[in-house]
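>>> what follows is a predicted structure for the sequence shown.
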Amino acid sequence: MCIPSSNLCRAITLLVHLPSGFTFIWHSTPMIKKILVALDLDSDTDIATQYAIQLAKQSDAKLTGLAVVDTKKIELSSRGGGIGSFYFAEKLRENLTAETRDKARGLIKVFEEKVDKHDVNHIELVEEGVPFERIVEDMKYHDLLIVGNDAHFFYGHPKEHTETLSGIFKRSIGPSLVVAKQFRTVKRVLFATDGNNPAARAIRRFIHMAPFGTDIEIHVLHVHKKEDADAELILQMNRAYLNEHGYNPQMIKMVDTNPGKCVIDQSISLDVDLIVCGGTAHTGIRGTRFGQSTSYMVEHTTVPLFMDH
């Protein structure tokens, strides 16, 4: 028997009736037990913390607040132009490092104060290195990453473009919740699919983890750049899969030359609180970049993205 003490038992109970007449009772407890929250100076970090607290309380999960001192960016920003400028470059590097460490500690302090108010188990880490490498390494020991969609992680110049988010997405072994600029209670969810593996993986991961519980309204959007003969079959398969998990989704099929924009437009039209989607990231001569559709969704979404790859 599952006794719901606070939120510890937001579990799924399955009754299996065996031919012998015995009944096997199986409990599936929440899969989210460790959540990594990537902290930086952008305003969406506060929203990321709010979602982290909510999910931690629902799943009795432990939070890790992580601030990374971007030593690579500091090194690049403090390089001198010649032998005579070496001393000044070294002093600049030392000053930037000290300044960035102070800002990282400040982020940790704010995170700790907010989480303490909600009686959530947590730890804090300040690490040094390349941000996406540190986050990917720490994600080996966490179930979910929560991060802002405007994350830069270079505290010296917080608006400077970095490749941290795409680097995380390409290499991380776990799912990410990429939050936008406002907090919303998740009741209506859009599953975006094109029938490919990343989208299927994201949908399945979301269903298995049930991060926002099971009392949600689901819309499934199949979008392709051109007419797809298999689109109806893919929708039927998605419907059957979700039915087996106790959901009754609304199905939508669309053709659009810009799938990313189509997903965002539909999310606004349906007034959803969350988008579940796969995505792509590529490494080339210009570094790691999101695929076109993924990039559009990350940049233009007004609601969180639950992403896998």
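Perfect, I can see it now.
>>> quick one, helices of this protein?
Ranges of helices within the chain are 44-59, 71-77, 86-116, 131-138, 164-171, 197-209, 231-244, 259-269, 292-300, based on DSSP state H.
>>> tell me the buried residues in the last one?
Residues of helix 292-300 classed as buried: Ser293, Thr294, Ser295, Tyr296, Met297, Val298, His300 (neighbour count, 16 or more other Cβ atoms under 10 Å). Bear in mind the C-beta positions are built from the backbone N, C-alpha and C, glycine included.
>>> so where's the stretch 1-150 of the chain uncertain?
Scanning the stretch 1-150 of the chain with the threshold set as pLDDT under 70 gives 1-30, 80-84.
>>> just name the closest of the buried residues of helix 292-300 to Val186, please.
Relative to Val186, the closest of the buried residues of helix 292-300 is Met297; by Cβ to Cβ it sits at 17.0 Å.
>>> and the closest residue to the closest one other than its chain neighbours, what does it touch?
Of all residues not flanking Met297 in the chain, Gly260 sits nearest, at 4.9 Å (Cβ to Cβ, 6 or more residues apart in numbering). Counting by Cβ atoms under 8 Å, 6 or more residues apart in numbering, Gly260 makes contact with Gln292, Ser293, Thr294, Ser295, Tyr296, Met297, His300.
>>> then Gly65?
So Gly65 contacts Val37, Leu39, Thr49, Leu107, Ile108, Phe111, Glu112, Val115, His122, Ile123, Glu124, Leu125 (Cβ under 8 Å, 6+ apart).
>>> in ChimeraX, how would I select just the buried ones from those residues?
To isolate the buried members of the contacts of Gly65 in ChimeraX, using 16+ other Cβ under 10 Å:
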select :37,39,49,107,108,111,115,122,124
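>>> any chance of the contacts of Gly65 in JSON lines with distance to Leu190 as columns?
Formatted as JSON lines, these follow (distance: Cβ to Cβ, whole Å):
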{"residue": "Val37", "distance to Leu190": "24"}
{"residue": "Leu39", "distance to Leu190": "28"}
{"residue": "Thr49", "distance to Leu190": "24"}
{"residue": "Leu107", "distance to Leu190": "31"}
{"residue": "Ile108", "distance to Leu190": "34"}
{"residue": "Phe111", "distance to Leu190": "29"}
{"residue": "Glu112", "distance to Leu190": "34"}
{"residue": "Val115", "distance to Leu190": "29"}
{"residue": "His122", "distance to Leu190": "30"}
{"residue": "Ile123", "distance to Leu190": "33"}
{"residue": "Glu124", "distance to Leu190": "33"}
{"residue": "Leu125", "distance to Leu190": "33"}
